[in-house]
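Chemist: Task: produce atomic coordinates for the following.
(one chain, ligands or ions: 3)
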Amino acid sequence: MTTATTASSFAQSDRAAIDVVQIDLAERSYPILIGQGESLWQEAHAHWPKGTSAVIVTNDTVAPLYAKALRQRLEGHYPKVIEVVLPDGEQYKNWETLNQIFDVLLGQAADRKAVLFALGGGVIGDMTGFAAACYMRGVPFVQVPTTLLAQVDSSVGGKTAINHPLGKNMIGAFYQPKLVVCDLDTLKTLPAAELSAGLGEVIKYGPIYDMAFFEWLEANVQALVAQDVEALRYAVRRSCEIKAAVVSADETESGLREILNFGHTFGHAIEAGKGYGAWLHGHAVAAGMVLASHLSTKLGYQQDAQFHARLVALLEQAGLPVQAPVLDATNNAQRYLDLMRVDKKSQGGAIRFVVLKPAGKAVTEKVDDAIVANLLNELITA
Ligand SMILES: NC(=O)c1ccc[n+]([C@@H]2O[C@H](COP(=O)([O-])OP(=O)(O)OC[C@H]3O[C@@H](n4cnc5c(N)ncnc54)[C@H](O)[C@@H]3O)[C@@H](O)[C@H]2O)c1
Ligand SMILES: O=C(O)C(=O)C[C@@H](O)[C@H](O)[C@H](O)COP(=O)(O)O
Ligand SMILES: [Zn+2]
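Modeler: Ligands and ions are numbered 1, 2, ... in the order given. Predicted structure coming up:
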């Protein structure tokens, strides 16, 4: 069960209105706060976990923008505030960078009551969460997502990880944050390409779960691209509601949660195959969703011939790529298959794909390599 409430008597359009989406996981439950300005931070303040120190983990792009403000908000609440500034980029989501967090934690004598604050996009969130899961066998952490992608997806649900050269997010843990604080004001500094990457994950929620939301996105995509804050607020809230409902029903991905991986089997292959950082995650997922939608049609599950065209049009309007790249000039399909076989949904060497059965409802199925290879050969051309 998830609930969205407005934690204020102000109107929706008022900066003081805060949307609250709850993740219901018994003792691991937590709220996602969505809003702007002082009212958001006052509400967040009421939820900070108690601790001996606050450790802000961020990167060298986000630190100059937002670390000082967060530090000031935390200083009144924690006896000590520590900062860890990591290099920026998907290519740094690895052991070496993770170790930099542990080096600072140990160097500063952070104890079991330290609280980690992930200030940044999904890369920072995934690594900080994993560090929190491991440090002294587990310390509390808070997500302060500053990208659209992180606000609508990665800060919620407790998947934490680093990459391996052979596969995305291969080393990690399920470890839930204590709180998620989505400050819509931070999205104002986001480059257009990063905004579109976030829209890729937002659009994902339509075909897997909620076609009414897909229709709302079709009607409001221009407002989202133009950074209309009320449109963004609704997109963040509805995305979090859907993710919260799925995660609350299946925290550790024993079944239903796999639907959140729509487009990701192909997308992760693109990210690893092109080299981490060459393709933004949200862009790789967009191109992956186009392939997964085609696959659904090929398997006979998606009878509405118009839906595929609508998906492609919406992705394009959101500024997203719809054409997957060649990963190997001589044997492209085999390269995709080799990369996809390490996917976490694979079973006994068989690759499993999230497909639409039909649009609005997703399921995961094994698909013969030959069918996938044919599709890749048909659709990916140099
Ligand atoms: N855990 C999950 O459930 C989950 C879900 C989706 C994605 N992910 C992971 O998240 C990562 C992608 O996250 P992302 O798209 O946020 O990428 P990212 O973390 O690399 O951030 C994108 C870029 O935006 C910059 N940035 C962040 N906030 C900014 C701001 N407010 N203004 C200006 N620049 C800002 C960052 O420094 C970076 O350069 C991938 O590693 C992906 O695997 C995890
Ligand atoms: O939360 C989930 O579950 C998801 O699958 C969300 C995805 O958008 C996200 O990219 C996730 O990190 C992918 O998970 P993985 O288990 O395939 O690494
Ligand atoms: Zn994703």
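
Chemist: Can you pull up the residues of the stretch 251-382 of the chain that come close to ligand 1?
Modeler: Within the stretch 251-382 of the chain, the residues that sit near ligand 1 (CB under 6 Å from any ligand atom) are 281-282. Quick note: C-beta positions are derived from backbone N, CA and C, even for glycine.

Chemist: try 5 Å
Modeler: Neighbours of ligand 1 within the stretch 251-382 of the chain, by CB under 5 Å from any ligand atom: His281.

Chemist: which stretches of the stretch 251-382 of the chain form strands?
Modeler: Here the stretch 251-382 of the chain has its strands, by DSSP state E, counting those that start in this stretch, at 352-356, 362-366.

Chemist: most neighbours per residue, which of these?
Modeler: Mean neighbours per residue, mean count of other CB atoms under 10 Å, is largest over the strands of the stretch 251-382 of the chain for strand 352-356, with a mean of 25.

Chemist: Output the below-cut-off pLDDT ranges for this protein.
Modeler: Residue ranges of the chain with pLDDT under 70: 1-15.

Chemist: Determine the longest helix present in it.
Modeler: Longest helix of the chain, by residue count under DSSP state H: helix 229-249.

Chemist: ok, Ala193 - how many residues close by?
Modeler: 12 (other CB atoms under 10 Å).

Chemist: again, but for Glu75
Modeler: Glu75 has 12 neighbours, counted by other CB under 10 Å.

Chemist: which non-adjacent residue is nearest it?
Modeler: Nearest non-adjacent residue to Glu75, counting by CB to CB, 6 or more residues apart in numbering: Val81, 5.5 Å away.

Chemist: quick one, helices of this structure?
Modeler: For the chain, the helices defined by DSSP H cover 37-47, 68-75, 95-107, 122-134, 148-149, 192-209, 211-225, 229-249, 264-274, 281-298, 305-317, 332-340, 369-379.

Chemist: Are the fourth one and ligand 2 in contact anywhere?
Modeler: Which is helix 122-134. No. Against ligand 2, helix 122-134 shows no contacts by CB under 5 Å from any ligand atom, the least distance being 6.9 Å.

Chemist: what's the angle from that helix to helix 192-209?
Modeler: 70 degrees (axes from the mean of the first three to the mean of the last three CA atoms, to 10 degrees).

Chemist: what does the stretch 251-382 of the chain have sitting close to ligand 2?
Modeler: With CB under 5 Å from any ligand atom as the criterion, the stretch 251-382 of the chain meets ligand 2 at residues 257, 260-261, 344.

Chemist: try it again with 8 Å
Modeler: Residues of the stretch 251-382 of the chain lying near ligand 2 by CB under 8 Å from any ligand atom: 253, 257-258, 260-261, 264, 267-268, 281, 285, 343-345.

Chemist: Kindly report the same for the stretch 1-150 of the chain.
Modeler: Within the stretch 1-150 of the chain, the positions adjacent to ligand 2 are 122, 126 by CB under 8 Å from any ligand atom.

Chemist: follow-up on the earlier one: comparing the helices of the chain, which stretch has the densest surroundings?
Modeler: Across the helices of the chain, averaging neighbours per residue (mean count of other CB under 10 Å) puts helix 148-149 on top, at a mean of 29.

Chemist: Check the gap between Gly158 and Val247 for me.
Modeler: 7 Å (CB to CB, to the nearest Å).

Chemist: List the contacts of whichever residue of the stretch 1-150 of the chain sits closest to ligand 2.
Modeler: Relative to ligand 2, the nearest point of the stretch 1-150 of the chain is Asp126 (6.9 Å; CB to the nearest ligand atom). By CB atoms under 8 Å, 6 or more residues apart in numbering, Asp126 lies in contact with 93, 154, 159-162, 169, 172.

Chemist: Kindly recompute the last result at 7 Å.
Modeler: Neighbour list for Asp126: 93, 154, 160-161 [criterion: CB atoms under 7 Å, 6 or more residues apart in numbering].

Chemist: Check Pro79 too.
Modeler: 52-53.

Chemist: And it, how close does it get to Ala219?
Modeler: 50 Å.

Chemist: Where do the domain boundaries of this protein fall?
Modeler: Per automatic domain parsing, the domain ranges recorded for the chain read 4-190, 251-379.

Chemist: Can you say which of the ones you listed is nearest to Met211?
Modeler: domain 251-379 (4.0 Å; CB to CB).

Chemist: residue of the stretch 251-382 of the chain with the smallest distance to ligand 1?
Modeler: Residue nearest to ligand 1 within the stretch 251-382 of the chain: His281 (4.0 Å; CB to the nearest ligand atom).

Chemist: got the contact list for the residue nearest to the spatial centre of the chain?
Modeler: Central residue of the chain (CA atoms, centre = their mean): Ser154, 2.7 Å from the mean position. The neighbourhood of Ser154, defined by CB under 7 Å, 6+ apart, consists of 122, 125-126, 145.

Chemist: Based on its surroundings, how many neighbours for the residue in the stretch 251-382 of the chain positioned nearest to ligand 2?
Modeler: At 3.6 Å from ligand 2, Leu260 is the closest residue in the stretch 251-382 of the chain, using CB to the nearest ligand atom. As a burial measure, Leu260 scores 24 neighbours (other CB under 10 Å).

Chemist: same deal with the one 3 residues further on?
Modeler: Residue neighbour count, defined by other CB under 10 Å, stands at 27 for Gly263.

Chemist: what's the answer for Arg341, then?
Modeler: Applying other CB under 10 Å, we find 15 residues neighbouring Arg341.

Chemist: check contacts around it.
Modeler: Taking CB under 7 Å, 6+ apart as the test, what Arg341 contacts is 349, 351.

Chemist: re earlier: of the strands of the stretch 251-382 of the chain, which is nearest Ala26?
Modeler: Closest approach to Ala26 among the strands of the stretch 251-382 of the chain is made by strand 362-366 (25.7 Å; CB to CB).

Chemist: still on that earlier bit, so among the contacts of Asp126, which ones count as buried?
Modeler: 93, 154, 160-161 (16 or more other CB atoms under 10 Å).

Chemist: and which of those is nearest to Arg28?
Modeler: Thr160 (13.3 Å).
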